[in-house]
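In: Fold the following, please.
(chains A and B)
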Amino acid sequence: GAVVSQHPSWVICKSGTSVKIECRSLDFQATTMFWYRQFPKQSLMLMATSNEGSKATYEQGVEKDKFLINHASLTLSTLTVTSAHPEDSSFYICSASPWTPTAYNEQFFGPGTRLTVL
Amino acid sequence: AQSVTQPDIHITVSEGASLELRCNYSYGATPYLFWYVQSPGQGLQLLLKYFSGDTLVQGIKGFEAEFKRSQSSFNLRKPSVHWSDAAEYFCAVGAVNDMRFGAGTRLTVKP
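Out: Predicted structure coming up:
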């Protein structure tokens, strides 16, 4: 249980184009989804938190107009990198958190998407 | 806000030797603690987690971790390392709708 998928697993695009990455919770409803970014040999940095049906909350320093996040349903969140540039090349990882009555809602991670912008 | 420190950036051990990866956290309340492993180009795999109860937690692949509140630590251990354990290891502390990762420790296993 608690499986999260991401699509695509890798993508190469030209500078100036937009890329959409999907994150799906396959066997549970995710009230909250998270998007992380990981540069080579570095840790995961939280980019934004999204709750189904509401606007995402972005971490300081993350451009909301560049990284568009949509959490339209309880099983799907999308991250769109708009007008991508080579510096946006990175490993993007999503996680999903089901609502539970307990105080802590564990995050389950997707396998990641490798974005390369030429 | 919570934070995690992994003091060792890179550790090398011989195959068959024991392993301990250090993790220290800062959090005002009872922490939810995790260890993840990441192979090159792959996503995160959960090794083990601590929410409450027994402070010695058993995980997958023969790993265990001990929560020590007095030392704010959650060190990961394995009695005998295998070559396939070479990877990046991340400690994380979680709160409601928030999770912070350490910088990671890269493990190299010598034959």
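
In: What is the burial count for whichever residue of chain A sits closest to chain B?
Out: As assessed by C-beta to the nearest C-beta, chain B sits closest to residue A:111 within chain A, at 3.8 Å. In this view, the C-beta of every residue, glycine as well, is placed from N, C-alpha and C. Residue A:111 sits with 16 neighbouring residues when counted by other C-beta atoms under 10 Å in any protein chain shown.

In: Who are the contact partners of residue 94?
Out: You didn't say which chain, so I picked chain A. A:4, A:6, A:21, A:23, A:33, A:34, A:35, A:36, A:77, A:79, A:109, A:110 (C-beta atoms under 8 Å, 6 or more residues apart in numbering or on different chains).

In: think we crossed wires, I meant chain B
Out: So residue B:94 contacts A:104, A:106, A:107, B:2, B:31, B:32, B:33, B:34, B:100 (C-beta under 8 Å, 6+ apart).

In: Quickly find the element holding it.
Out: In this assignment (DSSP states H and E), residue B:94 forms part of strand B:87-95.

In: That strand - what's its average pLDDT?
Out: Averaged across strand B:87-95, pLDDT comes to 92.

In: what pairs with that strand, and is each one parallel or antiparallel?
Out: strand B:32-38 (antiparallel), strand B:98-101 (antiparallel), strand B:105-110 (antiparallel) (DSSP bridges).

In: got the CA positions of it in PDB?
Out: Listed next in PDB are the C-alpha coordinates belonging to strand B:87-95 (Å, rounded to 0.1, in the frame of the first residue of the first chain):
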ATOM      1  CA  ALA B  87      24.300   4.500  -1.600                       C
ATOM      2  CA  GLU B  88      23.300   7.800  -0.200                       C
ATOM      3  CA  TYR B  89      21.500   7.800   3.200                       C
ATOM      4  CA  PHE B  90      19.200  10.500   4.400                       C
ATOM      5  CA  CYS B  91      17.900  11.100   7.800                       C
ATOM      6  CA  ALA B  92      14.700  13.100   8.100                       C
ATOM      7  CA  VAL B  93      12.500  14.600  10.800                       C
ATOM      8  CA  GLY B  94       8.900  15.100  10.200                       C
ATOM      9  CA  ALA B  95       6.100  17.200  11.600                       C
END
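
In: This completes my enquiry, with thanks.
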